[in-house]
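Asker: Next come a sequence and a model predicted from it.
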Amino acid sequence: MDELCPKCGSMAISPQPARFSPLDPYGKYRRMAKKGMQYEGK
């Protein structure tokens, strides 16, 4: 995969999401950020 988009010239990104892991230490924060919630230390 090229680093630049051949059509628009911007940076190319990976088309696949990160692999799921049940041991992901930051999954809780990522899900909260996706929902627009703030971390309250719970």
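Answerer: Structure received.

Asker: which residue packs closest to S10, ignoring adjacent ones?
Answerer: Distances taken as CB to CB, 6 or more residues apart in numbering put L4 closest to S10, at 7.0 Å, once the chain neighbours are dropped. C-beta here means a position set from N, CA and C on the backbone, and glycine is covered the same way.

Asker: Show me what that neighbour is bridged to.
Answerer: L4 has these beta-bridge partners by DSSP bridges: M11.

Asker: Contact partners for it?
Answerer: With contacts defined as CB atoms under 8 Å, 6 or more residues apart in numbering, L4 is in contact with 10-12.

Asker: just the helices in the chain please.
Answerer: Assigned by DSSP state H, the helices in the chain fall at 27-35.

Asker: related to what we said a few turns ago, just the closest of the contacts of L4 to F20, please.
Answerer: For the contacts of L4, the minimum distance to F20 (CB to CB) is 23.1 Å, reached by A12.

Asker: Next up, phi/psi of the closest one, please.
Answerer: Dihedral pair for A12: phi -90, psi 150, per degrees, to the nearest 10.
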